[in-house]
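[1] Have a look; sequence and predicted model below, questions after that.
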Amino acid sequence: MIRPFGWPEFLFLLQSAGWTLVLTLVASLLGGVLAMAIAIARVSSNRALREASRVYIGIIQGIPVLMVLFLSYYGLAQAGFELPPIVAASMALSIYASAYLGDIWRGAIQSVHVQQWEASASLALTRAQQYRHVILPQSVKIALPPTVGFLVQLVKNTSIVSIVSVIELTRAGQLVNNVTFEPFKVFITVALIYLAICYPMSRFSRYLEGKTGVYLDS
Amino acid sequence: MSILTVENVRKRFGDNEVLKGVSMNVERGQVIALLGRSGSGKSTLLRCLNGLEVIDGGRIEISGHTMDYEPTKLRALRKDVGIVFQSYNLFPHLSVAQNIMLAPRLVKGMSEKDNRRVAEQVLSRIGLLDKIDAYPDKLSGGQQQRVAIARALAMDPRVMLFDEVTSALDPELTEEVLAVIEQLARDGMTMVLVTHEMNFARRVASTIVFMHEGKIWETGEPEAMFDNPRTAEFRTFASRNVK
């Protein structure tokens, strides 16, 4: 039974785009928390922490995110942990995001001049206070444009979780195409929805790059 | 009783021994000018005094704290030892008031009201009360450096260290910073200064310490040392640097 590509199909795509946004949000939040720990471990004075986080970033950046997804879904299932697809997908995307954001934020932390560390240490601040009040507020300004840039990548890369049958925007497009046989209409619509999400983010990232002298207040 | 004791301190960077057994004593209220060519070890010695550099041998005692790099003990020492750097190192994302009030709030748990009062007090001392809500990038180099001094003073230190604090400044801006330091000296602050300003050192220091090749080469009162250098090295150094 072939259906035309009409309003109900379009609304289904929009609704599924909501899951794309949810996946992006979850991955950037969970991945972000993990990334902060990784970034701080990367610049730690403890050699073991530094090395462990460096290896973690190297591995995750060195393999396709699809492999992380397969390992989270099929791999863990074989090991006896059968996760619902949406959970495995969120996990895989969070791990993926953590390695990239961790590396971006490491760079941002390191780009704050060592003299800011010395000045704040000389005022008897603890390491945590130095991060919280001196280093991170300055890093945020540097990290913001590439972070938003990465989040654009993340939105697009959520499409891979369609493979483990999470119904997000790309998977929804496939399903609609299967019943309408109108690939051009369907996938151009899907592409336009991605664009509607990503383009404003890219513009925002470029706007941030152009801005100087703005700090997120501590 | 000495407020600062340095005993046979050694420091090396790789194969390069920068401090080859340095000893000195500083009494309360003294102003020590550390002089010497670049590479003589004077800045390294200064940075050892608040633990920014870790010494390889010897002993440092400052304001009753024996140098110990365990974080809690190091912070206790640093509460009593202020330092001002060549490159000011104000926190660019914080206003002048926030720069000054940050450490008293976090380290001493000072109330907002007391903290503000102390900030106003140290800023009037350096003549920049009107800049209290300005951000560092709106200040001249001399003003930034004076704020950096105020920031250190707000912690009520027992000893102040100055690491070539006028080297990045134009002559007229240098003067305004030196005037602040001179006023501190008159108020009885114990200070150790690394400086290239010979005339200033001669006028303000109670003791000159001349370093050469990682050692204290010659030391004494300014008049005596500049008028009658005992070593050839200090004679050469002084004749090149005093106009």
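    That came in fine, so what should we check first? Residues are numbered from 1 along each chain as shown, chains lettered A, B, ... in the order given.
[2] C-alpha only now, for contacts and for neighbours.
    Noted.
[3] which SS class is B:A168?
    coil (DSSP: H, G, I helix; E, B strand; the rest coil).
[4] so what pLDDT did the closest residue to it other than its chain neighbours get?
    Counting by CA to CA, 6 or more residues apart in numbering or on different chains, B:A168 lies nearest to B:Q86, which is 6.4 Å off, once chain neighbours are set aside. Looking at B:Q86, its pLDDT is 95.
[5] three-state assignment of B:Q86?
    coil.
[6] Could you do A:L83 as well?
    Under the three-state scheme (three-state DSSP), A:L83 adopts coil.
[7] which SSE is B:G21 in?
    Assigned by DSSP states H and E, B:G21 belongs to strand B:16-27.
[8] which secondary structure elements does the helix or strand following that strand contact?
    The helix or strand immediately downstream of strand B:16-27 is strand B:31-35, counting by DSSP H and E. Contacts defined by 3 or more CA pairs under 8 Å, 6 or more residues apart in numbering or on different chains; DSSP states H and E place strand B:31-35 against strand B:190-194, strand B:207-212.
[9] Would you tell me which of those gets closest to chain A?
    strand B:190-194 (15.3 Å; CA to the nearest CA).
[10] Within the sheet, what are the partner strands of the closest one, with directions?
    Using DSSP bridges, strand B:190-194 pairs in its sheet with strand B:31-35 (parallel), strand B:159-163 (parallel).
[11] tell me the mean pLDDT over the last one?
    What that stands for is strand B:159-163. Mean predicted confidence for strand B:159-163 is 97.
[12] cool, the first one as well?
    Within the predicted structure, the mean pLDDT of strand B:31-35 is 96.
[13] any idea of the angle that strand forms with strand B:207-212?
    Angle, strand B:31-35 to strand B:207-212, by axes from the mean of the first three to the mean of the last three CA atoms, to 10 degrees: 20 degrees.
[14] could you give the angle of strand B:31-35 to strand B:16-27?
    160 degrees.
[15] ok so, going back, just to check, the residue nearest to B:A168 is in contact with B:E164?
    Yes - applying CA atoms under 8 Å, one finds B:Q86 in contact with B:E164, separated by 5.1 Å.
[16] re the thing from before, deepest in the core, which of the strands paired with strand B:190-194 is it.
    Using mean count of other CA atoms under 10 Å in any protein chain shown, the stretch among the strands paired with strand B:190-194 with the largest mean neighbour count is strand B:31-35, at a mean of 27.
[17] buried set for the longest helix along chain B?
    Ranked by number of residues, the top helix in chain B under DSSP state H is helix B:171-186. Residues of helix B:171-186 classed as buried: B:173-174, B:176-178, B:180-182, B:184-185 (neighbour count, 16 or more other CA atoms under 10 Å in any protein chain shown).
[18] most distant residue from the middle of chain B?
    B:K113 (28.5 Å; CA atoms, centre = their mean).
[19] close to chain A, is the helix or strand hosting it?
    Remark: B:K113 resides in helix B:112-125, with elements defined by DSSP H and E. No - Helix B:112-125 is not in contact with chain A by CA under 8 Å from any CA of the partner chain; minimum separation 14.8 Å.
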